[in-house]
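Student: let's see this in three dimensions:
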Amino acid sequence: MANFNTNVNIIPDRGMSTEQSPRVFTAKYGDGYEQRVAAGINNIPESWNLSWNNRSKADSNKIIKFLEDQAGVTSFDWYPPDSEISSTTTSATTSKLVDTSQYFTNRYLNSTVTDSAAGTATVTAVDSSTTLSLSSNLMSSGETYTIYPYKKYKCDKWNVATPVLGYKTITATFTRVFEP
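Tutor: The predicted structure is shown next:
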C-alpha cells in the first residue's frame, strides 16, 4: 500500500483546508417536521486542498511521480500534518489507551498507535474523549505513545505550475475514500 507520508514525506504549505459535508437522508413531513439519519456508516467524506509552492524540481518530481503512480485510481494512506498525537498515558487499563490530557474524536478510529517499545495496535473504538479501545493490550501507565491517524485517500486531480524556472508549484485535492 502506498503511503504519502512515508513514500514522499514532503509536507504541504501552510494554509491547507479541509471540507466535510455529512451525507444525510432526510424525510420531510407536514408542519415542518423532518427526520434525519446518517446515509451509511461512512457518511462524513472529506477533501483536503493542498499546495506545495515554489518547490525544487527534485521535490516537485517526487510529489508528481507519486500522484501519477496512483493515477487517481489506487488509494493511498495519508494523514494531515499536525494531526498525529504524541503523549503519555495517564493510567493503565487492559487493551485501552487512557490519557486525560487529550480529547480524542472519531478521527482516530482505525488509526495506528505505537508505544515506546515500538509495539503497534489499532484503535478499535473511541470510548470517550480520553479513552481509546485498542486491538491489543499495548499500553501501561506512564508510557509514551504516538497515534498516526492514517486514512485512505485518492487524488484524481492536481495542477503543476512553473512560477520561476527551476521551481514548481503543485496544488492537489486529496479525497477520502472508504475501503479496507
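Student: identify the residue nearest the geometric centre of this protein.
Tutor: With distances taken as C-alpha atoms, centre = their mean, the residue of the chain nearest its centroid is residue 79 (3.4 Å).
Student: contacts only, for that one.
Tutor: 5, 148-151 (C-beta atoms under 8 Å, 6 or more residues apart in numbering). All C-beta spots, glycine's among them, are computed from the backbone N, C-alpha and C.
Student: this structure: helices as residue ranges?
Tutor: 4-7, 57-70 (DSSP state H).
Student: closest to residue 87 out of those?
Tutor: With C-beta to C-beta as the criterion, residue 87 lies closest to helix 4-7 of those, at 19.3 Å.
Student: avg pLDDT for that closest one?
Tutor: Regarding helix 4-7, the rounded mean pLDDT is 91.
Student: contacts for that helix next, please.
Tutor: 66, 76-79, 148, 150, 153, 174.
Student: wait, residue 132 sits on residue 123?
Tutor: Yes. Between residue 132 and residue 123 a contact is recorded at 4.9 Å, counting by C-beta atoms under 8 Å.
Student: could you pull out the residues contacting both of the two?
Tutor: 97, 108, 113.
Student: count residues in the vicinity of the second one, would you?
Tutor: To tie it back to what came earlier, the one meant is residue 108. 20 (other C-beta atoms under 10 Å).
Student: equivalent analysis for residue 145, please.
Tutor: 21.
Student: now the helices of the chain as a markdown table including distance to residue 13 and mean neighbour count?
Tutor: As requested, the helices of the chain are exported to a markdown table (distance: least, C-beta to C-beta, whole Å; neighbours: other C-beta atoms under 10 Å):
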| stretch | distance to residue 13 | mean neighbour count |
| --- | --- | --- |
| helix 4-7 | 15 | 16 |
| helix 57-70 | 12 | 15 |
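Student: I am finished for the moment; much appreciated.
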